Every structure is written in C-alpha cells, then in structure tokens.
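[1] Here is the input, now give the coordinates:
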Amino acid sequence: MAIDPSDILLTGRVAVVTGGGAGIGRGIAQGLAAFGASVAIWERDRDTCAVAAAQIGGLGLPTDVRDADAVDAALQRTERELGGVSILVNNAGGTFNSALLDTSENGWDALYRSNLRHVLLCTQRVARRLVEVGRPGSVVNITSIEGTRAAPGYAAYAAAKAGVVNYTKTASFELAPHGIRVNALAPDLTMTEGLQNLAAGDLSGSLAQMVPMRRSGHVDEMASAAVFLASDMASYITGQTIHVDGGTAAAGGWYFHPDSGTATLGPA
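    Residues are numbered from 1 along each chain as shown. Take a look at the predicted model:
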C-alpha cells in the first residue's frame with residue numbers, strides 16, 4: 001500500500017474541538033479546517049467561541065463540556081448542522097496554583113472536572129454514535145508533560161493529566177475493534193495566552209532555555225500533530241501519547257547551560 005499525499009486530508013469529515021476558543025484548541029481547530037474538516041468548536045466562553053468559529057467558517061457552540069446534558073445537546077446540534085462527528089479533540093482544561101497541603105476538596109474536584117471528567121463524557125458520546133453507525137473515528141486527547149512528571153503546586157492538575165494518559169490507553173483498547181483510534185498529545189512550554197499569563201512574562205527567555213530545542217513551542221506545531229493523528233496517515237497508531245515539547249520529556253531534567261552550552265543536570 002503506497003502512501004498518498006491525500007491521506008493527510010480531512011475533507012468530508014466533521015471534527016469537534018473542545019475549548020477551541022483560544023490557545024492550543026483554537027490552533028488545532030484552524031489546522032483541522034485547513035486540511036478540509038468541518039469543525040465545531042465547543043467552548044464555554046461565548047465571545048471567544050464565536051470569534052474562533054467565524055475565523056474558520058465553523059460552527060461555534062457555547063458549551064460547558066463538564067456537564068453531560070450540555071455535551072449531549074452540543075453533539076445533537078453538531079450532527080444536525082454539520083453531520084456525524086468522526087474526529088474529536090478533547091482540549092478543554094485549565095489549572096491554578098494550589099500547594100498540596102492547602103488544596104481543598106472543592107479545588108481538587110474543580111480541576112478533575114475541568115481536565116478529566118469531560119474527556120470521558122465527550123469521548124463516550126461521540127464513540128457511541130460511531131459504533132451505532134459502524135464508522136471509524138479518531139479521538140485526540142490533550143494532556144500535558146505535567147501528567148508524567150512532578151508538578152509542585154499543581155498536584156490535582158497533574159493527577160488529572162496523568163489520568164488522561166492512562167484513559168487514552170484504556171479507551172484505545174476498548175474502542176479498537178470498532179476502528180476508533182484514541183491518542184494523546186502532551187505539550188510542555190507552548191506559546192499561548194493562558195501560559196503567558198501563568199508565567200507572568202515572556203516564554204522565549206529563561207524558561208525556554210530549559211527546553212532542549214531552546215525555544216517555546218507554537219500552537220501550530222500542536223495542530224500539525226493533531227491533524228496527523230486525525231488523518232489516515234496515522235491509521236495504525238492508537239493508544240499513544242506523543243510529547244510535542246521540543247525534547248523536554250526525553251531530556252529528563254537535562255538542559256543546555258545558557259552560558260556555556262554544556263549539557264547540565266540540576267542547578268546552573
């Protein structure tokens with residue numbers, strides 16, 4: 001079977017991107033649309049949802065994906081206006097700093113609902129439809145490098161993101177007989193509005209020096225990986241978490257010293 005350039009195209013497919021109003025989600029929505037998909041953005045913020053959808057000629061549906069009824073309603077409208085969904089990108093999420101000893105039960109539950117619960121709700125709803133009609137599909141979950149390493153001050157967030165990694169593996173196994181692939185993307189330092197606010201500054205400086213490629217990532221680089229996983233080019237790939245992080249996860253704490261360029265582990 002020869003590789004054909006058309007295998008990367010998503011023409012005629014319907015994609016849903018949760019949290020697609022800004023940042024990585026918006027970049028992925030733009031990427032999917034550029035490769036031919038009809039895209040529905042499910043986003044809680046009405047304003048960013050409308051703007052992002054208009055930019056790509058997509059369908060913007062203000063949706064709180066933490067709520068099962070809201071997910072059901074959004075899926076029904078997406079199917080009615082665009083057709084059956086065969087690509088799902090579970091991107092919605094968020095975090096805040098909370099030391100382990102100070103984290104409340106409400107805070108823990110809020111981060112679980114924002115970063116893990118909706119992955120089950122959306123995947124389950126879309127997969128059920130695909131199984132009913134006997135169609136293949138692709139689910140792409142956005143996790144984080146924090147799901148595979150310690151994250152001081154972000155224990156609940158990191159636990160939820162680790163849950164996404166393992167959920168991806170289990171869901172990929174259960175859905176494989178139905179031709180539904182489930183993979184994940186794990187970014188690290190990616191230039192988004194949210195991360196810039198969290199870092200309170202420029203991500204291209206000292207923080208980027210901890211990345212082996214010596215720069216922060218761009219949302220378009222996440223979008224490229226998402227388009228690949230959604231396409232037939234990735235037809236035999238499932239259950240995987242791909243780190244789109246400039247080599248940070250592979251480095252395991254090693255970095256190039258900003259002054260000498262020497263490979264360094266630990267304090268500069």
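[2] Which residue ranges of the stretch 51-200 of the chain form strands?
    Using DSSP state E, counting those that start in this stretch, the strands found in the stretch 51-200 of the chain span residues 59-62, 85-90, 137-142, 180-187.
[3] mind putting those strands in JSON lines, mean pLDDT, distance to Arg117 and mean neighbour count included?
    Just so you know, the C-beta spots here come from the backbone N, C-alpha and C atoms, and that holds for glycine as well. Shown next, in JSON lines, are those (pLDDT from 0 to 100; distance: least, C-beta to C-beta, whole Å; neighbours: other C-beta atoms under 10 Å):
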{"stretch": "strand 59-62", "mean pLDDT": "98", "distance to Arg117": "19", "mean neighbour count": "20"}
{"stretch": "strand 85-90", "mean pLDDT": "98", "distance to Arg117": "11", "mean neighbour count": "27"}
{"stretch": "strand 137-142", "mean pLDDT": "98", "distance to Arg117": "13", "mean neighbour count": "26"}
{"stretch": "strand 180-187", "mean pLDDT": "98", "distance to Arg117": "16", "mean neighbour count": "25"}
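[4] I'd like to know which of these lies nearest to Phe256.
    Proximity to Phe256, assessed across those by C-beta to C-beta, is greatest for strand 180-187 (20.2 Å).
[5] Do I have it right that Ala156 meets Leu111?
    Yes. Assessed by C-beta atoms under 8 Å, Ala156 is found in contact with Leu111 at 4.1 Å.
[6] Looking at the strands of the stretch 51-200 of the chain, which is nearest to Gln30?
    When those are compared by C-beta to C-beta, strand 85-90 sits nearest Gln30, at 11.9 Å.
[7] Stretch 248-258 - what's its average pLDDT?
    Stretch 248-258 shows a mean pLDDT of 92.
[8] Could you tell me the end-to-end distance of it?
    15 Å (C-alpha to C-alpha, to the nearest Å).
[9] in it, what's buried?
    Residues Thr248, Ala249, Ala251, Tyr255, Phe256 are the ones in stretch 248-258 that count as buried (16 or more other C-beta atoms under 10 Å).
[10] How far away from the center of its chain is that stretch?
    23 Å (C-alpha atoms, centre = their mean, to the nearest Å).
[11] Same check on stretch 18-37?
    For stretch 18-37, the distance to the chain centre is 10 Å (C-alpha atoms, centre = their mean).
[12] Need the CA coordinates for it. CSV is fine.
    Output in CSV follows, covering the C-alpha atoms of stretch 18-37 (Å, rounded to 0.1, in the frame of the first residue of the first chain):
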residue,chain,number,x,y,z
THR,A,18,-13.5,21.4,22.9
GLY,A,19,-12.1,24.5,24.4
GLY,A,20,-11.3,25.7,20.9
GLY,A,21,-11.9,29.4,21.6
ALA,A,22,-8.2,30.2,22.3
GLY,A,23,-4.7,28.8,22.6
ILE,A,24,-3.9,25.3,21.6
GLY,A,25,-7.6,24.5,20.9
ARG,A,26,-8.0,27.4,18.5
GLY,A,27,-4.8,26.4,16.7
ILE,A,28,-6.0,22.8,16.4
ALA,A,29,-9.4,23.9,15.1
GLN,A,30,-7.7,26.1,12.5
GLY,A,31,-5.4,23.2,11.5
LEU,A,32,-8.2,20.7,11.1
ALA,A,33,-10.2,23.2,9.0
ALA,A,34,-7.2,24.0,6.8
PHE,A,35,-7.0,20.3,5.9
GLY,A,36,-10.6,20.1,4.9
ALA,A,37,-12.6,19.2,8.0
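[13] mind listing the helices for this protein?
    23-34, 46-56, 68-81, 105-112, 118-133, 155-175, 193-199, 219-230, 248-251 (DSSP state H).
[14] For these, which has the smallest mean pLDDT value?
    Ranked by mean pLDDT, those end with helix 193-199 at the bottom, a mean of 62.
[15] ok so, going back, which among the helices of the chain is found nearest to Ile142?
    Per C-beta to C-beta, nearest to Ile142 of the helices of the chain: helix 23-34, 6.4 Å.
[16] Can I get stretch 172-180 in CSV, CA atoms only?
    C-alpha atoms of stretch 172-180 as CSV (Å, rounded to 0.1, in the frame of the first residue of the first chain):
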residue,chain,number,x,y,z
SER,A,172,-7.9,2.9,22.7
PHE,A,173,-8.0,-0.8,23.6
GLU,A,174,-11.8,-0.9,24.2
LEU,A,175,-12.6,1.0,21.0
ALA,A,176,-10.0,-0.6,18.7
PRO,A,177,-12.5,-3.3,17.5
HIS,A,178,-14.7,-0.5,16.3
GLY,A,179,-12.0,1.2,14.3
ILE,A,180,-11.9,4.2,16.7
